[in-house]
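**Q** fold the following for me, if possible:
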Amino acid sequence: MKRPLPFHYAWIIALCGALTLFCCFGLARFSFGMLLPAMRADLGFGYDRMGFVSTGNFVGYLISVGLAPLVLRRVKPRLLVSLALALIALALLGISQSSSFAVIVGLYALVGVGGGFANIPIMVLVSHWFRRERRGRAAGLMVAGNGVGIILSGFLIPWLNDVLGANGWRAGWLILGGIILLLALVVGLLLRNDPADLGLEPVGRIQAPREAELIPHEAPGAGRVLAQLGLLYAIFGATYLIYGTFIVTTLVEEYAFGEGTAGLFWSWVGFFAIFSGVSFGALSDHIGRKWGLMAVFILQTAAYGLAGSGFGPWAMFVSVVLYGLGMFAIPTIMAAAVGDYLGLSRAAAAFSLLTFCFAIGQTLGPSGAGMLGQALGGFAPAYLLSAASTALAALLTGLLPKPAEPH
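**A** Next up is the predicted model:
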């Protein structure tokens, strides 16, 4: 097939991936922390209830992550991603019109369901369209969509609250839902399931199969390593979501920041998060997955410790920068670590299991922090507990064995 584009269509697929993550995570998930203070004030919900709303999202995500491999046997990625984004959009539109706690929890759980059904197949398409040497670059472009979504919500939500007052959060969900519905259509039109559909080959050099890349099935200690990685991923999931859910509320209600200033802080998270996965992924290529993971956990320990320190606005700003720098580093390194430790033949199945651990941490973290914040009247203890957890994770990372030598 003659290509009318000056570049390979695979990069359109990567763009669709960025738009997908921009929608299902950058907007639908990470905007929640920006919308939370106004929602809580208008609806009269406590911190514990808002924590359970966030938890509902991850329960939905956990369910869809488990079902996605089964669904993909019957539904092609292009259709599944488009339908998932449409589901997210409709659920957000429903939240914009709701006042019932139960309804909002249910709708935000559907947002989580859509997130899993969008995320898993879009990652599958990366392997179809990009050979090994280009997958990291493509994944880095896709992950950048998260950061762009965070930046947008950091500016948009405070402006809406300033203009519309108590109804600003409703307009926020309404506008975000409309954006995602439009992009669901765009992604549906541009996405393709396989390069062969367009008469193309995947991007990258064809390499002969190398047995050296496959660690034998009976590699010693594989189960123990998988359990260690799962625990580390669960700790990351719980702690980074506690911070992401409640940091804007902390800035507004505990530090008396205006919503515009808090939104600017959140936008800085998004800016640094754009570079997070690519930077730490490259670092781990040079120093090893074990030391790369340890570096990120130490970075996060500093971010959470500063957030709970009470040292003032400058400490919070440094905390936000450190959080953004490490925000998407662990998933990037974890994907590579699975291949290093377990071999490419088992990497996909192993990463699915690790994603369950990650989602369990995300499910438990915000609800626990919300109840703790409600009981103690603030989130400093939750941040300090998060810092202790990631410090423990850094120590546990040091116990990971050296990956088996290829042979």
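**Q** can you tell me the number of residues neighbouring the residue nearest to residue 310 when sequence neighbours are not counted?
**A** Leaving out its chain neighbours, the residue that sits closest to residue 310 by CB to CB, 6 or more residues apart in numbering is residue 380, at 6.2 Å. For the C-beta atoms, the positions are set from N, CA and C on the backbone; glycine is no exception. Residue 380 has 17 neighbours, counted by other CB atoms under 10 Å.
**Q** and for residue 196?
**A** By other CB under 10 Å, neighbour count at residue 196 equals 12.
**Q** residue 145 too?
**A** Residue 145: 24 neighbours (other CB under 10 Å).
**Q** any idea which element it lies in?
**A** helix 132-164 (DSSP states H and E).
**Q** would you mark the buried spots in that helix?
**A** 134-158, 160-161 (16 or more other CB atoms under 10 Å).
**Q** for it, packing partners?
**A** helix 10-21, helix 32-43, helix 101-129, helix 168-190, helix 259-287, helix 329-342 (3 or more CB pairs under 8 Å, 6 or more residues apart in numbering; DSSP states H and E).
**Q** check the offset of the next helix or strand after the second one from the chain's centre.
**A** Proceeding N to C from helix 32-43, the next assigned helix or strand is helix 47-71, under DSSP H and E. In terms of CA atoms, centre = their mean, to the nearest Å, the centre of helix 47-71 is set 13 Å apart from its chain centre.
**Q** tell me the buried residues in helix 47-71?
**A** In helix 47-71, counting by 16+ other CB under 10 Å, buried: 47-65, 68, 71.
**Q** what of stretch 264-271?
**A** So stretch 264-271, judged by 16+ other CB under 10 Å, has buried residues 264, 265, 266, 267, 268, 269, 270.
**Q** what residues does that stretch touch?
**A** 26, 30, 33-34, 146-155, 247-248, 251, 257, 316-317, 320-321, 323-324, 327 (CB atoms under 8 Å, 6 or more residues apart in numbering).
**Q** and if we set it to 7 Å?
**A** For stretch 264-271, contacts defined as CB atoms under 7 Å, 6 or more residues apart in numbering pick out 33-34, 147-148, 150-151, 154-155, 248, 251, 317, 320-321, 323-324, 327.
**Q** what's the closest of the residues you listed to residue 166?
**A** residue 34 (15.7 Å; CB to CB).
**Q** can you pull the contacts of the residue nearest to the closest one when sequence neighbours are not counted?
**A** Among residues not flanking residue 34 along the chain, residue 157 sits closest, at 4.2 Å (CB to CB, 6+ apart). Counting by CB under 7 Å, 6+ apart, residue 157 makes contact with 31, 34, 35, 172, 263.
**Q** scan those residues and report the most crowded one.
**A** residue 34 (30 neighbours).
**Q** that residue touches residue 155, doesn't it?
**A** No: using CB atoms under 7 Å, residue 34 is not in contact with residue 155, being 9.6 Å away.
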